[in-house]
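A.B. asks: got a structure for you, letters missing:
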């Protein structure tokens, strides 16, 4: 759960949402298959996530985080709450149990504030083969919808081993 908190803090500080999940003994997933977001998205380094891409035109960020081997194994709802804890005045627009790659997952859309800035978040959270995955789209509310289709494409093509 500590790594989920770190991911959350990092994600919001970098203009995206991140979470610190797990512990020192956990590791990143290997063998993830994805298609990078195209267009104005450019990959950038962010130590709180596995990979991240920022839209240079509007600041929206797509990222994914993985953690494998966390002996604590927090439930999905607790993970989602940890991610959203980086927002103040959180309003959940959507919170659904969904199937992701044959596993139960969560799809959550929320809005809140980060340092007074209205921020929107779209999360997909699931576990597969003893690993946790958090896929996110984060941006300022006024620009957020510009990249929802890009995130839908990213999540539909993302494959955890």
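C.D. replies: That came through fine. Source: prediction; values computed, not measured.
A.B. asks: So which residue is smack in the middle of the chain?
C.D. replies: residue 136 (3.0 Å; Cα atoms, centre = their mean).
A.B. asks: Name the SS class of residue 48, please.
C.D. replies: Taken by DSSP: H, G, I helix; E, B strand; the rest coil, the conformation at residue 48 corresponds to coil.
A.B. asks: From residue 139, how far out is it?
C.D. replies: 17 Å (Cβ to Cβ, to the nearest Å). (Each C-beta comes from the backbone N, C-alpha and C, glycine too.)
A.B. asks: These two: which has the busier surroundings?
C.D. replies: residue 139 (26 against 22; other Cβ atoms under 10 Å).
A.B. asks: Show me the shaky parts of the chain.
C.D. replies: 1-25 (pLDDT under 70).
A.B. asks: residue ranges of the helices in this protein, please?
C.D. replies: Using DSSP state H, the helices of the chain run over 2-13, 76-84, 141-144, 148-157.
A.B. asks: now the residue nearest to the centre of the chain, which residues is it bridged with?
C.D. replies: residue 63, residue 123 (DSSP bridges).
A.B. asks: Quickly note the distance from it to residue 71.
C.D. replies: 24 Å.
A.B. asks: Over to residue 91?
C.D. replies: 34 Å.
A.B. asks: burial of residue 146, as a residue count?
C.D. replies: 14.
A.B. asks: can you pull the contacts of it?
C.D. replies: With contact set as Cβ atoms under 8 Å, 6 or more residues apart in numbering, residue 146 has these partners: 55, 58, 60, 139.
A.B. asks: Can you report how many residues neighbour residue 41?
C.D. replies: 20.
A.B. asks: got it, and residue 62?
C.D. replies: Neighbours around residue 62, by other Cβ under 10 Å: 27.
A.B. asks: Same check on residue 150?
C.D. replies: Counted with other Cβ under 10 Å, residue 150 comes out at 19.
A.B. asks: Having no further points to raise, I will conclude here.
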